[in-house]
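Participant: Quick check, what structure comes out for this input:
(one chain, ligands or ions: 1)
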Amino acid sequence: MIVRTLNEANRSARRVISPDGNWESTRLLLKDDHMGFSFHITTIYAGKDFRLHYQNHLESVYCISGYGEVETISDRKVYPIEPGTIYILDQHDAHYLRASEDMVMACVFNPPVTGAEVHNKDGAYELVDTPLDGGDS
Ligand code: 9YT
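Facilitator: Predicted coordinates for the structure are as follows:
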């Protein structure tokens with residue numbers, strides 16, 4: 001069994017801040033744990049509005065706290081996000097994510113991320129094989 005706490009993970013390489021300053025994310029579970037998915041606690045910063053498109057991953061996002069909205073780009077549908085909302089990108093949906101206040105989200109990725117990905121110009125993560133270096137366990 002693996003046991004971790006958000007507090008200790010926040011003080012390790014598991015916590016990343018996006019280069020564009022839109023979000024930060026602490027990856028509690030990564031590919032090298034061999035669970036078949038990764039699990040992240042992500043904060044989308046208040047006022048941010050950006051595009052994501054996980055072409056290589058499926059992602060579910062559950063809102064723990066904060067308010068905002070997600071818009072699917074193909075059909076321009078806008079879904080409010082509040083504590084208790086989950087959105088599930090089962091179609092690799094391209095989307096805009098907007099936070100009217102800090103939104104704390106629990107995110108699950110399949111396949112799992114390694115921790116080394118950065119968003120490409122389309123808002124996707126490439127599939128990479130490099131394990132997180134220096135992470136605690
Ligand atoms: C909700 C979302 O996809 N945010 C981007 C960050 C992502 N959750 C991550 O890499 O941890």
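Participant: pretty sure Pro111 is touching Tyr54, no?
Facilitator: No. Judged on CB atoms under 8 Å, Pro111 makes no contact with Tyr54 at a distance of 10.6 Å. No exception for glycine: its C-beta is placed from N, CA and C like everyone else's.
Participant: Quickly list what's touching both of those two.
Facilitator: Counting by CB atoms under 8 Å, 6 or more residues apart in numbering, Pro111 and Tyr54 have no contacts in common.
Participant: Same drill for these two, tell me which one is more crowded.
Facilitator: Remark: of Pro111 and Tyr54, Tyr54 carries more neighbours, 19 against 14, as counted by other CB atoms under 10 Å.
Participant: where does the chain dip in pLDDT?
Facilitator: Scanning the chain for pLDDT under 70 picks out 128-137.
Participant: where exactly do the strands run in it?
Facilitator: For the chain, the strands defined by DSSP state E cover 15-17, 23-29, 38-44, 49-52, 58-65, 68-72, 77-81, 86-89, 95-99, 103-110.
Participant: now the ones you listed in TSV, with distance to Ala116 and mean neighbour count?
Facilitator: Formatted as TSV, the strands of the chain follow (distance: least, CB to CB, whole Å; neighbours: other CB atoms under 10 Å):
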stretch	distance to Ala116	mean neighbour count
strand 15-17	9	15
strand 23-29	10	20
strand 38-44	12	21
strand 49-52	18	16
strand 58-65	17	18
strand 68-72	26	19
strand 77-81	28	14
strand 86-89	21	16
strand 95-99	22	20
strand 103-110	13	19
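Participant: Figure out which of those is closest to Lys121.
Facilitator: Of all the strands of the chain, strand 49-52 sits nearest to Lys121, with 9.9 Å by CB to CB.
Participant: Residues in contact with that closest one: which ones?
Facilitator: The contact list for strand 49-52 (CB under 8 Å, 6+ apart) reads Asp20, Asn22, Ile73, Ala94, His95, Tyr96, Leu97, Arg98, Ala99, His119, Gly123, Ala124.
Participant: Closest to the ligand out of those?
Facilitator: Nearest to the ligand, judged by CB to the nearest ligand atom, of those is Leu97 at 6.1 Å.
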